[in-house]
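Engineer: got a predicted structure plus its sequence, pasted below:
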Amino acid sequence: MSYPPPPGGWHDPSAAGPQSGPPADYIPAQPTSADPYSPADPYAGMKSGDPYAPAGYPAGAYPQPGAYPHPAGHPGYGYPVAPRQNGLAIAAMVVSIVGALGLCGYGLGGYIGVVGAILGHVSRKQIRERGEGGEGFATAGIIVGWISTVLAVLATIAIVVFFVWVANQDPSDYDSGTY
C-alpha cells in the first residue's frame, strides 16, 4: 500500500493482499466438438471471411475495415500521398509578403512584390507541368505581389508629385517675415 494511503478508500492494486480472480493454475474450458464450425466453436462468427467481424454477426452485416472516418491528420490505408510542394511557390509567397511589408518604407519597398508575382507565375507553370502541390501558395504570391507593386507605383507617383509641388513653391512666400 502506498504511504500515506490515498483518500476515498482507494487501495493500491500492486500492494500485497487478498487477490481476486481465478487461481494461477486455472485453465478455461475448451470446446470439445470435433466439428470446427459447430456452435460450440467460439470463433464461429469469424469464419465469414472478415477477420475483424465479431462473433455472432452474419457475413456482410458488420462494417468493413476502413468504413469509419479516420482522425484528422491520419489518412486511412490506401489513401494517396499528398503531392510534393513546389518550393518556388512558397518562395513567391514569402517574397511577396516581404514586398508588402516593404510598403512601410515610403512605399518603395513594394517593388520587391513584382519579383514575388513573377515567381508565382513561373511556379504555377511548374505545378501544372509536374503535378506538384502549392497552387494556393503560388496564387497568394501572385496576388500579394501585384498588389504591393501597384501600391509602390502609386506611392512613387505621390512622392514625385509632392517634390514637384514643393519645388514650384515661391520662395518669397517664406521669406516675407509676415505672420
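Structural biologist: Nice, I can see it.
Engineer: distance of residue 109 relative to residue 80?
Structural biologist: Applying CB to CB, to the nearest Å, the value for residue 109 to residue 80 is 41 Å. Backbone N, C-alpha and C define where each C-beta goes, glycine included.
Engineer: count the residues that sit near residue 169.
Structural biologist: Other residues near residue 169 come to 9 when the count uses other CB atoms under 10 Å.
Engineer: the more surrounded of residue 109 and residue 80?
Structural biologist: Ranked by neighbour count (other CB under 10 Å), residue 109 and residue 80 place residue 109 first, with 18 against 6.
Engineer: and the pLDDT for the more buried one?
Structural biologist: Note on residue 109: pLDDT of 87.
Engineer: what's the distance between it and residue 91?
Structural biologist: 17 Å.
Engineer: residue 144 now?
Structural biologist: 13 Å.
Engineer: the more surrounded of those two?
Structural biologist: Neighbours around residue 144 and residue 91, counted as other CB under 10 Å, are more numerous at residue 144. The numbers are 22 against 19.
Engineer: skipping its backbone neighbours, what lies nearest the more buried one in space?
Structural biologist: Distances taken as CB to CB, 6 or more residues apart in numbering place residue 96 nearest to residue 144, at 3.9 Å, with adjacent residues excluded.
Engineer: and that neighbour, how many residues sit next to it?
Structural biologist: Residue 96: 30 neighbours (other CB under 10 Å).
Engineer: any idea of the mean pLDDT in the lengthiest helix in the chain?
Structural biologist: Among the segments of the chain that qualify as a helix by DSSP state H, the longest is helix 135-167. Mean per-residue pLDDT for helix 135-167: 94.
Engineer: please name every helix or strand in contact with that helix.
Structural biologist: The contact analysis (3 or more CB pairs under 8 Å, 6 or more residues apart in numbering; DSSP states H and E) places helix 135-167 against helix 87-101, helix 112-130.
Engineer: ok, residues contacting the first one?
Structural biologist: Contact partners of helix 87-101, identified using CB atoms under 8 Å, 6 or more residues apart in numbering, comprise 109-117, 119-120, 122-124, 126-127, 134-135, 137-138, 140-145, 147-149, 152.
Engineer: just the helices and strands packed on helix 135-167: most buried one?
Structural biologist: Counting by mean count of other CB atoms under 10 Å, helix 87-101 has the highest mean neighbour count of the helices and strands packed on helix 135-167, with a mean of 21.
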